[in-house]
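Participant: Can you look at this prediction? I've put the sequence above it.
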Amino acid sequence: MRPDLSARIVWQPFQLNPELPPGGVDRQLYLRAKFVDSERIRSIQAALEESGRKEGIAFAFDRIRRVPNTLAAHRLMRFAARAQKEDMLAARLFSIYFEHGEDIGDRATLAAAAGAVGLDASEASEFLASNAEYQSVASADELSRQGGISGVPYFVFDRRYALAGAQEPVAFLPLFDALAAADADMLTSPA
């Protein structure tokens, strides 16, 4: 649709539930506290499952037992970025959580995910046992909140344009066109 477009994805940390304890919480208790109405929970999950099927994602909400604190997962994304494997790790984390119900707040699960995408699992485990990237992740998360971000996905383009929420691919085209036009104007503007 835009064959001349070149883009680089930069994953930024954002915790949906930064207040969760390090071990996460029971998912059923969390959902009941957040939504109260169990029919609403089923309705939301059914809609997500249907949307996921269209995209080849087999959401399996019934397998998810805990809502994790994702700080360690975000830190691991920074570890993966050092080897340019953050895209692969993100896909792996989404799959093991949403399709397999694994606890992505658990250090052993995270280290195994790192190993599955070609990173050294023991190095990942040592990294997670340290405080490495803790402050940078926490600061980036807080900066996002201060900027008004309250949910994911949230896309920022060239620090100029943003698009919130899950979107159909065509929704991005006006942004791409605006960026291309702005870049063309900058190249032709007199100094």
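Facilitator: On my side now, so go ahead.
Participant: got the buried residues for stretch 77-95?
Facilitator: For stretch 77-95, burial by neighbour count (16 or more other C-beta atoms under 10 Å) applies to 77, 78, 79, 80, 85, 86, 88, 89, 90, 92, 93. Any C-beta I mention is one placed from the backbone N, CA and C, and that applies to glycine too.
Participant: Report the two of the residues you listed separated the most.
Facilitator: Maximum pairwise distance in the buried residues of stretch 77-95, criterion C-beta to C-beta, is 15.3 Å, between 78 and 92.
Participant: contacting residues for the spatially closest residue to residue 26 that is not a sequence neighbour?
Facilitator: In space, residue 26 comes closest to residue 66 once its chain neighbours are excluded; the distance is 6.4 Å by C-beta to C-beta, 6 or more residues apart in numbering. Shown in contact with residue 66 (C-beta atoms under 8 Å, 6 or more residues apart in numbering): 23, 24, 25, 26, 27, 103, 105.
Participant: Model confidence for residue 66, exactly?
Facilitator: Predicted confidence (pLDDT) for residue 66: 96.
Participant: next one: residue 108
Facilitator: pLDDT, residue 108: 98.
Participant: now for the helix or strand containing it, which elements pack on it?
Facilitator: Here residue 108, judged by DSSP states H and E, is contained in helix 107-116. Helix 107-116 is packed against helix 71-81, helix 86-94, helix 121-129, with contacts defined by 3 or more C-beta pairs under 8 Å, 6 or more residues apart in numbering; DSSP states H and E.
Participant: Looking at the ones you listed, which is nearest to residue 140?
Facilitator: Evaluated with C-beta to C-beta, these place helix 71-81 nearest to residue 140, the distance being 8.4 Å.
Participant: coming back round to it: residue 135: which of the buried residues of stretch 77-95 is nearest?
Facilitator: Lowest distance from residue 135 to the buried residues of stretch 77-95 (C-beta to C-beta) belongs to residue 78, with 11.0 Å.
Participant: For the spatially closest residue to that closest one that is not a sequence neighbour, grab phi and psi.
Facilitator: Using C-beta to C-beta, 6+ apart and skipping the chain neighbours, the partner closest in space to residue 78 is residue 133 (4.3 Å). Note on residue 133: its backbone torsions stand at phi 70, psi 0 [degrees, to the nearest 10].
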